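Visitor: whatever this is, show me its structure:
(one chain, ligands or ions: 1)
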Amino acid sequence: MTLALNSAALQMLHAWGENTRARSYLHQPTTAAELQAVFALAQRTGISIALRGAGQSYGDAALNSEQFVVCLSQMNRITHWSPANGVVEVEPGVTLAQLWRHCISDGWWPPVVSGTMFTSVGGCAAMNIHGKNNWQAGNFAQHILEFTAVLPAGNSVRCSRTENSDLFHAIPGSFGMLGCITALRLQLKRIHTGLVSVTALAAPNLQTMLQLLDEHKDSSDYVVGWIDAAAGGTGLGRGQIHAASYYNPPYAALHARSLLLQHQDLPARLFGVFPARYAWLGLRLANNAPGLRLVNALKYASARLQHGHTYLQSLAGFNFLLDYVPDWKRAYRPGGLIQHQSFIPKENALNAYQQLLEACKNARLLPTLAVLKRHQPDAQYALSYCPDGYSLALDFSARVRTRQRLTTLLAQLDQIVVAAQGRFYFAKDSALHPATARASLGAATLTNLMALKQRCDPENLLQSNLSRRLLPELHSME
Ligand SMILES: Cc1cc2nc3c(=O)[nH]c(=O)nc-3n(C[C@H](O)[C@H](O)[C@H](O)COP(=O)(O)OP(=O)(O)OC[C@H]3O[C@@H](n4cnc5c(N)ncnc54)[C@H](O)[C@@H]3O)c2cc1C
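Guide: Below is the predicted model:
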């Protein structure tokens, strides 16, 4: 690995949503010792470091303009696997795809996954991600038994519920600001088949959507809603719920084949016909107001036809629906994609989400996708974002032509969220303002985060475009 500074080594890195990018000096350590050497170089040169897993954050969380980016994707070994108890030891660059593919045939599955399988385990821990089963399973970090992190001074700390337990609850979720996770021990979830039993339900408005999510949250392992963001009036917030549970019939052995990779792999052709790799072209064609209205109306009509229908689906197919269309973000080029995801306590959710959907309609900026989830609080972590409530994720095209209007709309949405005592999620953020971030985090969380930063990274080496954009005070402490 070259540790010299050479402007020719500057590389362009993109946010996953392709709404922003930055040139950085890229380092790709293969061992913890190589990582420590980069920290030492940063200390000598005063150049900051952003950590990067698989670069799947929608915005600027893993970018660092004209400074160092340390990408962990080459530290990607599964170092120990115990099929007897489902405990796995991994380096941080292991992707969720690598993980489930390694363990599923032994009857184990990662208990919390993102909507894409291409995230890294280190990135999932650093953002403390949530899945469609957040109400039942909590966040990613709840399934970490132990991790090791290298702090910017070069020392390693081992963290578990009993050892350095304060850092065990602080480093996950703190978006790479306190230390670099270099090894993790995870507890996977026992499964008896590679299937989930899914029930689809249509809901005529937002109130029913929220009610259905709530009603099914205790009886199902997963519950997630799609909203027709084009609908208005009495149909505002109408959509479809999918409630799913791990399939464990009396004769599960009859379904043993479902644990094989060939049963889980996503199809190369959609509906058995269209090559999946070109499907983004179809999405691109529909990525305009009339197209979105038509697609939403057709999807809602099909949701009504499917109402009450129960079927079996592979775990990979259910969890990684977004991966059915490889590279679907190409449908948003050249401006990219911005997601606005807000987390709102249950008491305030109906009113706030009605306001959000109405604001989008008034601004004539239709979300291309709107997804609703139910959450359990994650207050045990230093930087928490999940309340006892719901989240609504709204995807927008960040076209140059409408970018200014979108910026205005996003600021308006943020104010609605703050007024409803809501939270934001840095893994998805691209547009939040520092004042809004502070208002949503609250003074106590911020003070605690600053104290942790001072303790773990007093020389302020860990930074990112996102941290400087949202919490500049983190980097300007005495
Ligand atoms: C299509 C799609 C669907 C998604 N669905 C979901 C979802 O359902 N739920 C959800 O919660 N998120 C979801 N996400 C967001 C994604 O899970 C998070 O952004 C996740 O952090 C990405 O992991 P990564 O490995 O790509 O990390 P990166 O994006 O590379 O980095 C994320 C953060 O982690 C830090 N980091 C990375 N590695 C380390 C490390 N080893 N030690 C310390 N810090 C580190 C980085 O500095 C950065 O702040 C989705 C993203 C996409 C693209």
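
Visitor: helix, strand or coil: sort out Arg185 for me.
Guide: Secondary structure, DSSP: H, G, I helix; E, B strand; the rest coil: Arg185 is strand.

Visitor: got a list of what it touches?
Guide: 87-89, 144-147 (CB atoms under 8 Å, 6 or more residues apart in numbering). In this view, the C-beta of every residue, glycine as well, is placed from N, C-alpha and C.

Visitor: which strand residues bridge it?
Guide: Glu89, Glu146 (DSSP bridges).

Visitor: just to revisit the earlier point, out of the contacts of Arg185, who's the most crowded?
Guide: Phe147 (28 neighbours; other CB atoms under 10 Å).

Visitor: so that one makes contact with Gly179?
Guide: No - using CB atoms under 8 Å, Phe147 makes no contact with Gly179, being 9.7 Å away.

Visitor: what touches both of these two?
Guide: Ile171.

Visitor: that older thread, ok, of the contacts of Arg185, which one's closest to the ligand?
Guide: Distance to the ligand across the contacts of Arg185 (CB to the nearest ligand atom) is lowest for Phe147, with 8.9 Å.

Visitor: please name the nearest non-neighbouring residue to that closest one.
Guide: Closest residue to Phe147 apart from its sequence neighbours, by CB to CB, 6 or more residues apart in numbering: Leu184 at 4.5 Å.

Visitor: what's the answer for Arg468, then?
Guide: His475 (6.3 Å).

Visitor: mind listing what that neighbour touches?
Guide: By CB under 8 Å, 6+ apart, His475 lies in contact with 460, 463, 467-468.

Visitor: select from those the one having the most neighbours.
Guide: Ser467 (23 neighbours).

Visitor: look at that one and report its pLDDT.
Guide: Looking at Ser467, its pLDDT is 98.

Visitor: any part of the helix or strand where it lies near the ligand?
Guide: Using DSSP states H and E, Ser467 sits in helix 465-470. No - counting by CB under 6 Å from any ligand atom, the ligand has no neighbours in helix 465-470; the shortest distance is 6.7 Å.

Visitor: tell me what that helix is packed against?
Guide: helix 434-441 (3 or more CB pairs under 8 Å, 6 or more residues apart in numbering; DSSP states H and E).

Visitor: next one: the following helix or strand past the helix it packs on to chain centre, how far?
Guide: Next along the chain after helix 434-441, taking DSSP H and E as the criterion, comes helix 443-456. Put simply, helix 443-456 sits 23 Å off its chain's centre (CA atoms, centre = their mean, to the nearest Å).

Visitor: ok, now stretch 358-371?
Guide: The answer for stretch 358-371 is 21 Å, by CA atoms, centre = their mean.

Visitor: next, the distance between the ends of it.
Guide: Stretch 358-371 has an end-to-end distance of 16 Å (CA to CA, to the nearest Å).

Visitor: before we move on, what about stretch 363-373?
Guide: 24 Å.

Visitor: ok, stretch 94-114 next?
Guide: Termini of stretch 94-114 sit 14 Å apart (CA to CA).

Visitor: now do the residue lying farthest from the centre of the chain against Phe318, distance only.
Guide: With CA atoms, centre = their mean as the measure, the chain has its most outlying C-alpha, relative to the mean C-alpha position, at Tyr251: 35.0 Å. Using CB to CB, to the nearest Å, one gets 22 Å for the distance from Tyr251 to Phe318.

Visitor: same deal with His27?
Guide: Remark: distance between His27 and Phe318 (CB to CB) = 37 Å.

Visitor: likewise for Leu254?
Guide: Leu254 is 20 Å from Phe318, by CB to CB.

Visitor: what about Leu261, how many residues nearby?
Guide: 12.

Visitor: so it sits against Ile104, correct?
Guide: Yes - using CB under 8 Å, Leu261 is in contact with Ile104, at 7.2 Å.

Visitor: per-residue confidence at Ala8?
Guide: 56.

Visitor: in the strand or helix carrying Tyr300, what counts as buried?
Guide: If you go by DSSP H and E, Tyr300 is part of helix 289-306. For helix 289-306, the neighbour count (16 or more other CB atoms under 10 Å) marks 291-293, 295-296, 300, 303, 306 as buried.

Visitor: contacts for that helix next, please.
Guide: 200, 202, 226, 228-231, 238-240, 285-286, 364, 366, 368.

Visitor: that one: what's the following helix or strand?
Guide: From helix 289-306, the next helix or strand downstream (DSSP H and E) is strand 310-314.

Visitor: so for that next one, what gets flagged as buried?
Guide: So, applying 16+ other CB under 10 Å, buried residues of strand 310-314: 312-314.

Visitor: ranges for the strands of the stretch 51-200 of the chain?
Guide: 68-71, 78-82, 87-90, 108-109, 144-150, 156-160, 180-187, 189-190, 195-203 (DSSP state E, counting those that start in this stretch).

Visitor: can you tell which of those is closest to Tyr332?
Guide: strand 68-71 (23.2 Å; CB to CB).

Visitor: pairing partners for the closest one, with directions?
Guide: Paired neighbours of strand 68-71 in the sheet (DSSP bridges): strand 21-27 (parallel), strand 49-52 (parallel).

Visitor: what sits up against it?
Guide: By CB under 8 Å, 6+ apart, strand 68-71 touches 13, 24-29, 35, 38, 41-42, 47-53, 55, 62-63, 93, 180.

Visitor: ok, the closest residue in space to Ser165 that isn't next to it in sequence - contacts?
Guide: Excluding its sequence neighbours, the residue lying closest to Ser165 (CB to CB, 6+ apart) is Cys159, at 7.3 Å. For Cys159, the residues meeting the contact criterion (CB under 8 Å, 6+ apart) are 146-149, 165, 167-168, 171.

Visitor: report the buried members of these.
Guide: 146-149, 167-168, 171.

Visitor: what is the nearest of these to Ser342?
Guide: Ile171 (24.7 Å).

Visitor: could you measure from that closest one over to the ligand?
Guide: 7 Å (CB to the nearest ligand atom, to the nearest Å).

Visitor: that residue touches Cys180, doesn't it?
Guide: No - judged on CB under 8 Å, Ile171 makes no contact with Cys180 at a distance of 9.2 Å.

Visitor: okay, and the common contacts of the two?
Guide: Shared contacts of Ile171 and Cys180, counting by CB under 8 Å, 6+ apart, come down to Ala149.

Visitor: what residues does this protein have near the ligand?
Guide: So the chain meets the ligand at 16, 50-57, 61-62, 72, 92, 114-116, 119-120, 122-124, 126-127, 129-131, 175-176, 180-181, 322, 427, 464 (CB under 6 Å from any ligand atom).
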